[in-house]
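> what would the 3D arrangement of this be:
(one chain, ligands or ions: 2)
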Amino acid sequence: MKIAVLSGKGGTGKTFVSVNLAYIQEQVTYIDCDVEVPNGHLYLPMKEPAVQPVYLPVPSIEDSLCTGCRTCIDFCSFHALCWTGSRILHFEQNCHNCGGCSIVCPTKAISEKPYSIGNICTGSFEHVGVMSGSLNPGQMQGCAIIRKMIAQTRDLKNLVLDCPPGDSCHVVQSILEADLCILVTEPTSFGASDMRICIDLLKLYNKPFGIIINKSLDTRNQIKTFCRRHNVKILAEIPLQPELASLNASGQIAAKNPEYRRVFERIFKNAQALIHQQNQ
Ligand code: SF4
Ligand code: SF4
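Ligands and ions are numbered 1, 2, ... in the order given. Alright, predicted model coming up:
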């Protein structure tokens with residue numbers, strides 16, 4: 001099963017849920033899609049990971065062939081090219097790598113060169129395969145890294161995709177091939193508000209999903225009220241406990257403790273049941 005774990009806001013425990021959900025499975029790969037600030041590797045440290053740089057093609061302009069006609073500038077919708085008065089300048093960070101400028105240039109002055117945007121680390125922690133994408137600071141093309149990781153793991157049966165927080169295009173890219181999405185929230189006004197935004201996104205993409213209430217105080221709260229009113233499945237409540245918080249704060253896998261392992265096994269079972277229900 002391919003499970004995407006997401007959250008409206010940071011700090012709800014999305015990575016904590018993702019790594020533990022991966023740890024209780026066999027033959028599973030955890031993918032850290034939070035490419036701007038990946039931190040799943042702190043829970044699942046890889047020994048000597050293979051590092052694969054990720055490049056995108058950007059224009060390379062041969063000044064001696066350029067006539068200054070500006071056809072490329074007029075073509076580029078992203079304002080990634082400008083004329084200085086004597087030559088064309090290219091702004092890599094604005095470029096969407098469409099290749100159009102090199103096609104429209106009448107003198108063939110534009111070719112393509114690779115531009116580094118980040119890397120992908122691949123390895124394992126105990127029995128869990130681990131893949132972690134990392135975007136270079138200041139870059140905006142994180143979707144390309146996420147796409148590459150998903151393409152490289154497409155044939156694997158069991159994935160846990162740890163999505164970035166929020167509802168950005170990085171999140172959309174991360175959930176596209178998931179069989180089920182798990183939305184991790186916390187019982188606060190902020191958690192409830194951001195959860196609603198993510199639910200709208202999941203409905204837009206027609207993704208089956210369930211909720212995990214993390215740091216639950218086992219009292220009535222607005223998350224439970226919302227889920228009851230809108231017929232949203234709560235897969236589990238993870239209690240607010242000092243021991244869990246301490247394990248999490250030190251980057252340890254809670255599911256190594258049999259009591260907590262049972263919590264994540266139950267979540268996994270509930271997730272399987274939800275998928276089964278959806279497919280009927
Ligand atoms: S490759 Fe596309 S986005 Fe980049 S500069 Fe050329 S036209 Fe603009
Ligand atoms: S289209 Fe080609 S020739 Fe015209 S300004 Fe751009 S690089 Fe120069």
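> from now on I want contacts and neighbour counts done on CA atoms only, so please keep to that.
OK.
> and residue 20, that one's in a helix?
Yes: looking at residue 20 with DSSP: H, G, I helix; E, B strand; the rest coil, it is inside a helix.
> which residues does the residue nearest to it when sequence neighbours are not counted contact?
Excluding the flanking residues, the one nearest residue 20 by CA to CA, 6 or more residues apart in numbering is residue 255, at 5.8 Å. By CA atoms under 8 Å, 6 or more residues apart in numbering, the contact list for residue 255 reads 20, 23, 24, 261, 262, 264.
> the closest residue to ligand 2 within the stretch 151-280 of the chain and ligand 1, how far apart?
Going by CA to the nearest ligand atom, ligand 2 is nearest to residue 169 of the stretch 151-280 of the chain, at 30.2 Å. Note on residue 169: its distance to ligand 1, by CA to the nearest ligand atom, to the nearest Å, is 18 Å.
> how close does the closest residue to that residue other than its chain neighbours sit to residue 29?
Among residues not flanking residue 169 along the chain, residue 143 sits closest, at 7.2 Å (CA to CA, 6+ apart). Look at residue 143 and residue 29: by CA to CA, to the nearest Å, they are 19 Å apart.
> between these two, which has more neighbouring residues?
residue 29 (26 against 18; other CA atoms under 10 Å).
> re earlier: widest-spaced pair of the contacts of residue 255?
23 and 262 (11.9 Å; CA to CA).
> higher neighbour count, the two?
residue 23 (27 against 13).
> and the closest residue in space to residue 244 that isn't next to it in sequence, how far from residue 238?
Using CA to CA, 6+ apart and skipping the chain neighbours, the partner closest in space to residue 244 is residue 254 (6.9 Å). Per CA to CA, residue 254 is found 12 Å from residue 238.
> ok, these two, which is more surrounded?
Set residue 254 next to residue 238 and count neighbours by other CA under 10 Å: residue 254 wins out with 24 against 21.
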